[in-house]
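*Asks:* here's my sequence, what's the structure:
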Amino acid sequence: MPSNTKRLEGKVAIITGASRGIGKEIAVYFAKEGASLVLTARSLESLEAVSKEIAALGSQEPFLFALDVKNAEKIQEMTDKTLDKYKRIDILVNNAGITKDGLFVRMSEADWDEVLETNLKGTFLCMRAVSKIMMKQRHGKIINMASVIGLIGNAGQANYAASKAGIIALTKSVAKELGSRNVLVNAIAPGFIDTEMTQALSEETKNSILKTIPVGVFGKPADVAKVALYLASDDSNFVTGQVITVDGGMVMA
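*Replies:* All right, here's what the predicted structure looks like:
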């Protein structure tokens, strides 16, 4: 007999960078599966539409928190408020990230630092804030958003590639440290997903990229959200330290 139990019922999930694109889609999928959500972005205003969409589904209204993931004190405040409200943290999705593209020889230190600090250090800070809580619970799922660019590199994105490659190495290292406490740490490496970023590309660039994707189309945010849901659910309780590519076959290890 099929079960009507929602896959994340009773679970508390923090999702950073949840105001649009992949982060928003993950929030919607998690809400549909019964999770209590803590959603962050740099401004609360950008999260309001997501909150309304989730409430319209009949799901519990998310707790919204304005957060710059480079700020360790604000991350700790967000973590403390989550514990005060829900008494536990079961899932962390590190989705917040930025790009500041440019040729390597012309790249400023400021553009290098901002991308590395937001993407890599921000992931580290959020992981560190929840890890002790999850270790004490002896249960937790951490999902880090990497990228195929962190696996293969890309001209004009040295800073972004380095940040995402760092996230992959961080994921594997922390998975080895926390596995004995039943805290599982994995990464998702999306390829080219149909978001605001890819929609801004020229038709020539899009056609060039499509030639590198065996299935011949860009992915959808839902394609990534479904993998995140798997990693957040009990279906993945023997999976840790993995990097799952969601890229239509663009990168095959």
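*Asks:* next, count neighbours for the nearest residue in space to residue 213 that is not next to it in sequence.
*Replies:* Excluding the flanking residues, the one nearest residue 213 by Cβ to Cβ, 6 or more residues apart in numbering is residue 248, at 4.4 Å. Every residue, glycine included, has its C-beta placed from N, CA and C. Using other Cβ atoms under 10 Å, the number of residues around residue 248 comes to 19.
*Asks:* ok, residue 248 touching residue 212?
*Replies:* No. Using Cβ atoms under 8 Å as the test, residue 248 is too far from residue 212 to be in contact (9.3 Å).
*Asks:* what sits against the residue nearest to residue 213?
*Replies:* Neighbour list for residue 248: 191, 192, 213, 214, 215, 216, 217, 218, 219 [criterion: Cβ atoms under 8 Å, 6 or more residues apart in numbering].
*Asks:* which strand residues bridge the last one?
*Replies:* So that's residue 219. Here residue 219 sits in beta bridges with residue 193, as judged by DSSP bridges.
*Asks:* ok, it to residue 104 distance?
*Replies:* Noted for residue 219: a distance of 27 Å to residue 104, by Cβ to Cβ, to the nearest Å.
*Asks:* so these two - more neighbours on which side?
*Replies:* residue 219 (21 against 11).
*Asks:* is it true that that one touches residue 188?
*Replies:* No. Look at residue 219 against residue 188 with Cβ under 8 Å: they stay out of range, at 11.2 Å.
*Asks:* overlap of the contact sets of these two?
*Replies:* By Cβ under 8 Å, 6+ apart, the residues touching both residue 219 and residue 188 are residue 246.
*Asks:* which residues does the residue nearest in space to the middle of the chain contact?
*Replies:* The centroid of the chain falls nearest to residue 95 when counting by Cα atoms, centre = their mean (2.7 Å). For residue 95, the contact set (Cβ under 8 Å, 6+ apart) comprises 15, 16, 17, 18, 22, 23, 26, 145.
*Asks:* quick one: the residue nearest to residue 213 from residue 12, how far?
*Replies:* From residue 248 to residue 12 the distance is 32 Å (Cβ to Cβ).
*Asks:* what does residue 23 give?
*Replies:* Distance check for residue 23 against residue 12: by Cβ to Cβ, it reads 17 Å.
*Asks:* the more surrounded of the two?
*Replies:* Per other Cβ under 10 Å, whichever of residue 23 and residue 12 has more neighbours is residue 23, with 28 against 20.
*Asks:* quickly find the element holding that one.
*Replies:* Element membership for residue 23, per DSSP states H and E: helix 21-32.
*Asks:* chain center to that helix: distance?
*Replies:* Here helix 21-32 is found 10 Å from its chain centre; the criterion is Cα atoms, centre = their mean, to the nearest Å.
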